[in-house]
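Q: the amino acid sequence is not available; the structure is as follows:
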DNA sequence: GGGGATGTTGACTGACCAGTCAATCTACTC
DNA sequence: GAGTAGATTGACTGGTCAGTCAACATCCCC
């Protein structure tokens, strides 16, 4: 029936599965994981209730799949960036760009990941703590290297600095998700620059040496 | 029966209510809001199931109460700090200190607030979006003032900068909550300094002017 | 010491929903 | 075109749990 990629996929397996995953993103984003029913996902996807359980063992597994799909892409990107011979500022800029672009292209998915996984200490966050922490650790490693190279000051624990960097980005996304910050192409582009400039360069103007500084 | 503050409180109303709230903090922190039952709260508090509904209209109202109690204390502190005639760095430092100390003194409560409210875009976060946003706005105002005064560079949108600051703190708490960062007196003290130093001064060492800098 | 108000109890109910399953359909093989 | 394997359907079930309520306890005022 559907003309696209019938030649690529040996059997027609992936279509409906993907349909369900994409529908789940929309439903989770709109109602939240706990508040929605599995039937909402099936309805949104236009398939029968039972089909969700043909492709996924449980409601949880649907969210797990969505999270891991995206997070692993990010981990790959971070590793790629890390292996390049470019300044830290550019490395961090590439990561910030990736995350902001991810939100730009699929805000619902990023909303779900942040709201339902990344901060969900008692449910999905706990399940995926290893995977989540890996990203923090990779960024931390990058920063540590920059400290050893003299580009970053050594007195700030690299792990803490990594959290500052990632926390800044995630809070920007949160601001967009909650409608507290202006969205749009220009704002997204500006945000990428801002994250790097804030975390690397700081908010203080270079000219003035603060009176209260040690 | 209980000797403490029987003279202070006209009637013995507050005791059991407080008991329930404190028990709820522990239960929410341990199991999560959605995963726990109201009977868990009652059991933890050592009171009958129905009593929870004598003091609170719903399970939701228990969490609402916990969040508002704490968040309003923070809003008061931010307003107080804002009205003082001290450098921005000290103002931001005072806010960071307050939040870190809050976590130090009652990690469970802060865990619940961050995990269940601050990022819960589809449930409690949405309900309290006004109250939450007020904190961001106050911090943003502080930063804007510092920009006008020349202490902070003007090219970074103050609202975005406020998110960077708050996001950094919240991510540190998240790191502690998930067991990804070391906890303890020294680490908490160090974290306060780190937040301010990172956000105000940046990660880059002053000496080196980056090759890639514009 | 009567009587109203407030505090406290826990069994019960009604709704809700994740997950099951037997039946039906589709597509491909030989 | 019979046979098989996987895809798809949706009615049903079993357990869970928020919130109700009627009864009992305690306190305090007159």
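A: Looks like it arrived, so ask away. Every value quoted in this text rests on a predicted model; they were computed, and no experiment measured them.
Q: what number of residues lie near residue A:80?
A: Other residues within reach of residue A:80, judged by other CB atoms under 10 Å in any protein chain shown, total 10. (C-beta placed from N, C-alpha, C; glycine too.)
Q: same question, the one 4 residues further on
A: Residue A:84 sits with 10 neighbouring residues when counted by other CB under 10 Å.
Q: excluding its backbone neighbours, what's nearest it?
A: Once flanking residues are discounted, residue A:84 sits nearest to residue A:91: 7.2 Å by CB to CB, 6 or more residues apart in numbering or on different chains.
Q: what's the helix or strand for that neighbour?
A: Secondary structure from DSSP states H and E places residue A:91 in helix A:88-105.
Q: which secondary structure elements does that helix sit against?
A: Where contact means 3 or more CB pairs under 8 Å, 6 or more residues apart in numbering or on different chains; DSSP states H and E, helix A:88-105 is packed against helix A:59-83, helix A:107-112, helix A:129-148, helix A:158-177, helix A:185-196.
Q: pick the most deeply packed of those.
A: Mean neighbours per residue, mean count of other CB atoms under 10 Å in any protein chain shown, is largest over these for helix A:158-177, with a mean of 25.
Q: quick revisit: export the helices and strands packed on helix A:88-105 to JSON lines and append columns for mean pLDDT and distance to chain B.
A: Compiled in JSON lines, the helices and strands packed on helix A:88-105 are given as follows (pLDDT from 0 to 100; distance: least, CB to the nearest CB, whole Å):
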{"stretch": "helix A:59-83", "mean pLDDT": "98", "distance to chain B": "12"}
{"stretch": "helix A:107-112", "mean pLDDT": "98", "distance to chain B": "6"}
{"stretch": "helix A:129-148", "mean pLDDT": "98", "distance to chain B": "5"}
{"stretch": "helix A:158-177", "mean pLDDT": "98", "distance to chain B": "2"}
{"stretch": "helix A:185-196", "mean pLDDT": "97", "distance to chain B": "5"}
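Q: next one, pLDDT for residue A:2 please.
A: According to the prediction, residue A:2 has pLDDT 38.
Q: residue A:52 touches residue A:19, doesn't it?
A: No - contact criterion CB atoms under 8 Å: residue A:52 and residue A:19 do not qualify, at 10.5 Å.
Q: for chain B, see how far away residue A:52 is.
A: Noted for residue A:52: a distance of 20 Å to chain B, by CB to the nearest CB, to the nearest Å.
Q: number of nearby residues for that residue?
A: If we define neighbours as other CB under 10 Å, then residue A:52 has 23 of them.
Q: could you do residue A:41 as well?
A: Close neighbours of residue A:41, defined as other CB under 10 Å, add up to 25.
Q: which of the helices and strands packed on helix A:88-105 sits closest to residue B:154?
A: helix A:185-196 (12.7 Å; CB to CB).
Q: what does stretch A:20-31 contact?
A: A:36, A:40-42, A:44-47, A:51-52, A:55-56, A:62-63, A:65-66, A:69, A:106-109, A:111-112, A:116, B:122 (CB atoms under 8 Å, 6 or more residues apart in numbering or on different chains).
Q: run through the residues that contact residue A:108.
A: If you count contacts by CB under 8 Å, 6+ apart, then residue A:108 has A:25-26, A:28-30 around it.
Q: which of those residues tops the neighbour count?
A: Busiest of the contacts of residue A:108 [other CB under 10 Å] is residue A:28, holding 27 neighbours.
Q: from residue B:137, how far out is that residue?
A: Using CB to CB, to the nearest Å, residue A:28 is found at 29 Å from residue B:137.
Q: Throw the helices and strands packed on helix A:88-105 into JSON lines and include distance to DNA strand C, thanks.
A: Output for those, formatted as JSON lines (distance: least, CB to the nearest atom of the strand, whole Å):
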{"stretch": "helix A:59-83", "distance to DNA strand C": "4"}
{"stretch": "helix A:107-112", "distance to DNA strand C": "15"}
{"stretch": "helix A:129-148", "distance to DNA strand C": "21"}
{"stretch": "helix A:158-177", "distance to DNA strand C": "22"}
{"stretch": "helix A:185-196", "distance to DNA strand C": "34"}
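Q: before we move on, what SS does residue A:122 have?
A: Using DSSP: H, G, I helix; E, B strand; the rest coil, the structure places residue A:122 in coil.
Q: distance check, the nearest residue to it once chain neighbours are set aside against residue A:194.
A: Leaving aside its chain neighbours, residue A:122 sits nearest to residue B:32 (3.2 Å; criterion: CB to CB, 6+ apart). Separation of residue B:32 from residue A:194 (CB to CB) stands at 33 Å.
Q: next one: residue A:102
A: 17 Å.
Q: same check on residue A:161?
A: For residue A:161, the distance to residue A:194 equals 17 Å [CB to CB].
Q: so what pLDDT did the residue lying closest to residue A:120 once chain neighbours are set aside get?
A: Computed as CB to CB, 6+ apart, the closest residue to residue A:120 that is not its neighbour in sequence is residue B:115, at 6.6 Å. The model reports residue B:115 with a pLDDT of 97.
Q: residue B:115 should be in a helix, yeah?
A: Yes - under three-state DSSP, residue B:115 sits within a helix.
Q: ok, how many other residues are close to it?
A: For residue B:115, the neighbour count with other CB under 10 Å is 24.
Q: list the contacts of it.
A: Contacts of residue B:115 by CB under 8 Å, 6+ apart are A:119-122, A:125, B:32, B:177.
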